[in-house]
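Engineer: Turn this into a model:
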Amino acid sequence: MRIRSFQGLRPSPDSVDNVVSLPYDVVSTEEARELSKGKPESMLHVVRAEIDFPAGQDPYADEVYAKAVENFRNLQESGALIRETEPCVFLYRQQMGDHSQTGVVAVSHVDDYDAGKIRRHERTRVAKENDRTRLTAEMGANAGPVFLTFKDDPRIHSLVDGHTQDEPIYDLTSPDGIRHTVWRIPGGQEFVEAFKGVSDFYIADGHHRAASAARVARESREANPDHTGEENYNWFLTVLFPAKELKILAYNRLILDKNGLSDEEILEKIGSVASLSEDAGDLPPESREIRFYLSGRWYGIRLEPEENADPVSSLDVSLLQDRILGPIFGIGDPRTDDRIEFVGGIRGTDFLKQKVDDGSAGIAFSLYPVLIEQLMDIADADAVMPPKSTWFEPKLRSGFAIHTFED
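Structural biologist: Numbering: from 1, shown residues only. From the prediction side, this is the model:
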C-alpha cells in the first residue's frame, strides 16, 4: 500500500484543546452548536459551519460552505492552526478506559481507493457524499481523517513501539474522558517503506470522506491540464490502525411500535423462528445470541445462519432483520423505515430499557458486536454490510492534523 508523509496543518500547542473536535457525522447540528459554545477555534465551525447561522439554516446552502472556508482561513491567520515546516507522519494514540489503539497518520492515494485496494463495506448516501465533496473542494483540504485498518504487521508494530517512547507533541484528555496522544515523525520514510508490505487497507469508518476525496481528485485532474499525478489532491488524510487493536461495539435496534401486536403475539411469533429464553440478561455473550427487551423484561434468542450462508447473511444484524424485524415487525428496508432507530453501543443497554419503559419504543434489541474478521471478509468479497452494523469507539478527532492541497 502507498502512504506518504505530508506538510499539513496542525494546532498550535496553546490552541489544541479548543481546535480538535468530534467528527462531523457523529453529532447533530444542535449537538455541534452546544459543544462549540465558547470555542470559536473549534473545528466544528469548519466541518459543521451551519452552527454559525440561526436555527433552521439549510446545511447545504452556498453560504454555509463559504462560512466553512472563512472559518478555516481564520484559524490559520490567527495562528490556531500552524503549517508544518517539513513533511511528517504522526502517531495517534487513543485511550478509552483499559482500551488503547495507536494509528499512523499519513496520506493514502485515491487510486488505491478507486482500484479497490482500500476496501469498503458500506454504501454511501448521495447527499452526504455531495456535501463532503463540495466542502473538501472549496477548502482545498481534508478536514477530517478516514479511519482505516490493516491486517497486523510485526514490522509496523515495532516502528510504532519505538517512536511512542519519545516525547509527544500533544497529550490531552477530551471532555468525554478519552485520552489523545500524538507524536510527530519528520520524514516518516521508514513507515512509507513498511506499508509497502501491506496488501490492503479496510475502511473502518469514513466511507463518505473517502468517496468525496476520490471525487475531488477526479474533478481536480479534469480541471488541471498540467496534471502530473504528484499533486496533493491525489492523496487524502487517513489514520491506519492494526486490526487487533480496534474496538467494535454493538449497533443496537429500537422498534418504535409493536406493529399492532400484543406482547403474547410477539413472544409467540419470535418463539416460532428462534429458541426463546426468559430473564436472559441484557448483553449477548457471543455471536448468534440476541437479547430483546419487552414490557419490563429481557429475553434471549439464538439465531443460526443457513448452511453455506454468505458472510453478509450470516451477520447477527442480517439474521435479526431477515427473520424477525421484517416478517414480524414489518420493517421492510431499515435504511428508509422511520419505525426503526439505531443506537450505538456506547450508549449501553440502560438507554434501550429507558426508551421502552417511557413508551418511546415498543421493543429493543441488544446485539453482539460484529467482529473485525467479519468486516474484512465482507469487504474482501466486495459485499456490503447492512446499515448501521458497526460502531467503532473511540471516535477519531478532527483537527490534530489536516492535509491541504497546497503546502
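
Engineer: by contact count, what packs against the helix or strand bottoming out on mean pLDDT in the chain?
Structural biologist: Across the helices and strands of the chain, mean pLDDT, DSSP states H and E gives its lowest value to strand 391-392, namely a mean of 89. Strand 391-392 sits against strand 248-249, with contacts defined as 3 or more Cβ pairs under 8 Å, 6 or more residues apart in numbering; DSSP states H and E. The way it works is simple: take the backbone N, C-alpha and C, and place the C-beta from them, glycine included.

Engineer: what's the helix or strand that contains residue 133 packed up against?
Structural biologist: Following DSSP states H and E, one finds residue 133 within helix 126-139. The contact analysis (3+ Cβ pairs under 8 Å, 6+ apart) places helix 126-139 against helix 62-77, helix 207-223.

Engineer: With mean pLDDT, distance to residue 268 and mean neighbour count as extra columns, can I get these in CSV?
Structural biologist: Formatted as CSV, those follow (pLDDT from 0 to 100; distance: least, Cβ to Cβ, whole Å; neighbours: other Cβ atoms under 10 Å):
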stretch, mean pLDDT, distance to residue 268, mean neighbour count
helix 62-77, 98, 51, 17
helix 207-223, 95, 39, 20
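
Engineer: Export these to JSON lines and append columns for distance to residue 362.
Structural biologist: Output for the helices and strands packed on helix 126-139, formatted as JSON lines (distance: least, Cβ to Cβ, whole Å):
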{"stretch": "helix 62-77", "distance to residue 362": "37"}
{"stretch": "helix 207-223", "distance to residue 362": "31"}
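
Engineer: Touching the helix holding residue 133 from outside, list them.
Structural biologist: Around helix 126-139, the neighbours that count as contacts under Cβ atoms under 8 Å, 6 or more residues apart in numbering are 25, 46-47, 59-60, 65-66, 68-69, 72, 142-143, 208-209, 211-213, 215-216, 219-220.

Engineer: now that helix: how far from the chain's centre is it?
Structural biologist: In terms of Cα atoms, centre = their mean, to the nearest Å, the centre of helix 126-139 is found 17 Å from the chain centre.

Engineer: just how off-centre is the next helix or strand after it within its chain?
Structural biologist: Downstream of helix 126-139, the next assigned helix or strand under DSSP H and E is strand 141-142. The chain centre lies 17 Å from the centre of strand 141-142; the measure is Cα atoms, centre = their mean.

Engineer: Strand 141-142: partners in the sheet, and parallel or antiparallel?
Structural biologist: Strand 141-142 sits in its sheet next to strand 403-404 (antiparallel), going by DSSP bridges.

Engineer: Would you pull up how far the partner strand lies from the middle of the chain?
Structural biologist: 20 Å.

Engineer: Would you map the helices across this protein?
Structural biologist: 16-19, 29-35, 44-47, 62-77, 110-114, 126-139, 154-163, 189-195, 207-223, 263-273, 316-320, 349-357, 372-380 (DSSP state H).

Engineer: Columns distance to residue 392 on top of the ones you listed, output as CSV?
Structural biologist: Below are the helices of the chain laid out as CSV (distance: least, Cβ to Cβ, whole Å):
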stretch, distance to residue 392
helix 16-19, 22
helix 29-35, 18
helix 44-47, 18
helix 62-77, 25
helix 110-114, 19
helix 126-139, 17
helix 154-163, 19
helix 189-195, 21
helix 207-223, 12
helix 263-273, 30
helix 316-320, 15
helix 349-357, 18
helix 372-380, 10
